[in-house]
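S.K.: Build the 3D model from these lines:
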Amino acid sequence: MLNLPFYTFLKLLVSIVSVSWSLLCVWEFTRPRSFNADLSEPPKRSPTRLLSFIKIILHGLTLGSLTLYIIFYALALKNFPLTNIAEGFIIIAWLLVTGFLLSALPPKARSIDAFLAPIPTVLLLIGTNFASTLHQTTPPVLTTFIPIDELVTTLILFSMINYFYVFIITMLYNQSFSEIKKKKTLFLTTRLPNLPTLNKIIETFLMLGTFIFVIVIIVYFSLMRTIAHSANSLTYYHLSLSYICAGGLFAVIFILVKLKRIGHVQLLLATSIGFVIILFYLFDIF
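M.R.: Numbering: from 1, shown residues only. Now for the predicted structure:
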């Protein structure tokens, strides 16, 4: 049974902290840049460093409060918190905030948080405040020992997030490259990491997303004997095949990127195709 006062407090806390974090990220990115001609002695109290520190604090508070919210919600309902679309949004937001550590904390990559931070905030606001209008029950779990549906769905969502990062950062890469090619120092070029850093981030998320898909495939095939005895065995064989296709596609994309045989425009198209494949088969789970 939910403790409504505490539950309401957690929802309010998560919303306020997450919105504050996102707004600060966007504001810091868009604020005018000031350069000191004498760089030998930087100021003791640098506004940029102070803002970066506050962002990290708010990021940690967002992650902590959201984790507490999910744990409390799961314990209260005695169920894995991934049984409807609203809970799915919350899990996606949690994975975004968690995975965001990979890109937000390195100094050279902090500026991209203005494009990534608002995404989990929007999902959080939807998932925590509009759950009643988004409720849709998932199929029952097929085994009594391992929540296969929830486990695999969470892994797929985590993999999707990595490719979503690739999609966003690749667009930023293309825009920065276009500005440099035109020999103009415009808005994005002066704020984003340099092109090699962006490319390394893209490769990291591609590798992580592909690795997660490999885990999904292993989980499905290792548990296939148990699943085959259920009435929905054909559906799960069908899903397994789709995961293999999607995982293979992303593995090929990652290899081509590492070998520099694919441009960033083609990478946008390839990741878009992968999104369509994953989303199409996720509809069979939600």
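
S.K.: following the top helix by length along the chain, which helix or strand shows up next?
M.R.: As assigned by DSSP state H, the longest helix anywhere in the chain is helix 148-181. Per DSSP states H and E, the first helix or strand lying C-terminal to helix 148-181 is helix 195-222.

S.K.: pLDDT on that following helix, on average?
M.R.: Across helix 195-222, the average pLDDT comes to 76.

S.K.: For that helix, name the packing helices and strands.
M.R.: Counting contacts by 3 or more C-beta pairs under 8 Å, 6 or more residues apart in numbering; DSSP states H and E, helix 195-222 packs against helix 101-104, helix 148-181, helix 233-258. Every C-beta, even on glycine, is put in place using the N, C-alpha and C of the backbone.

S.K.: Relative to Ala76, how far out is Ala117?
M.R.: 28 Å (C-beta to C-beta, to the nearest Å).

S.K.: now swap in Ile217 and tell me
M.R.: Separation of Ile217 from Ala76 (C-beta to C-beta) stands at 33 Å.

S.K.: The two: who's more crowded?
M.R.: Ile217 (18 against 14; other C-beta atoms under 10 Å).

S.K.: quick one: that one from Leu75, how far?
M.R.: With C-beta to C-beta as the criterion, Ile217 and Leu75 are 31 Å apart.

S.K.: and what of Phe115?
M.R.: Separation of Phe115 from Leu75 (C-beta to C-beta) stands at 34 Å.

S.K.: again with Ala251
M.R.: As for Ala251, its distance to Leu75 is 38 Å (criterion: C-beta to C-beta).

S.K.: Same check on Lys11?
M.R.: Distance, Lys11 to Leu75, by C-beta to C-beta: 16 Å.

S.K.: So for those two, which residue has more residues nearby?
M.R.: Lys11 (19 against 10).

S.K.: Quick one: low-confidence residue ranges for the stretch 1-150 of the chain.
M.R.: Applying pLDDT under 70 to the stretch 1-150 of the chain flags residues 1-4, 32-48, 77, 79-85, 100-110, 130-150.

S.K.: ok, 90 please
M.R.: Scanning the stretch 1-150 of the chain for pLDDT under 90 picks out the ranges 1-15, 18, 21-150.

S.K.: Quick one: the helices in it, in order.
M.R.: According to DSSP state H, counting those that start in this stretch, the stretch 1-150 of the chain carries its helices in the segments 4-30, 47-77, 85-99, 101-104, 113-116, 118-129, 148-181.

S.K.: export these to CSV and tack on distance to Ile202?
M.R.: As requested, those are exported to CSV (distance: least, C-beta to C-beta, whole Å):
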stretch, distance to Ile202
helix 4-30, 19
helix 47-77, 21
helix 85-99, 14
helix 101-104, 10
helix 113-116, 13
helix 118-129, 17
helix 148-181, 5
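
S.K.: who wins for proximity to Phe205 among those helices?
M.R.: Closest approach to Phe205 among the helices of the stretch 1-150 of the chain is made by helix 148-181 (4.4 Å; C-beta to C-beta).

S.K.: how about Met207, what does it touch?
M.R.: Residues in contact with Met207, defined by C-beta atoms under 8 Å, 6 or more residues apart in numbering, are Phe254.

S.K.: how about a cut-off of 10 Å?
M.R.: Applying C-beta atoms under 10 Å, 6 or more residues apart in numbering, we find Met207 in contact with Asn162, Phe250, Ala251, Phe254, Val257, Lys258.

S.K.: Could you check how far it is from Ser15?
M.R.: 33 Å.

S.K.: What of Phe29?
M.R.: Phe29 sits 22 Å away from Ser15, taking C-beta to C-beta as the criterion.
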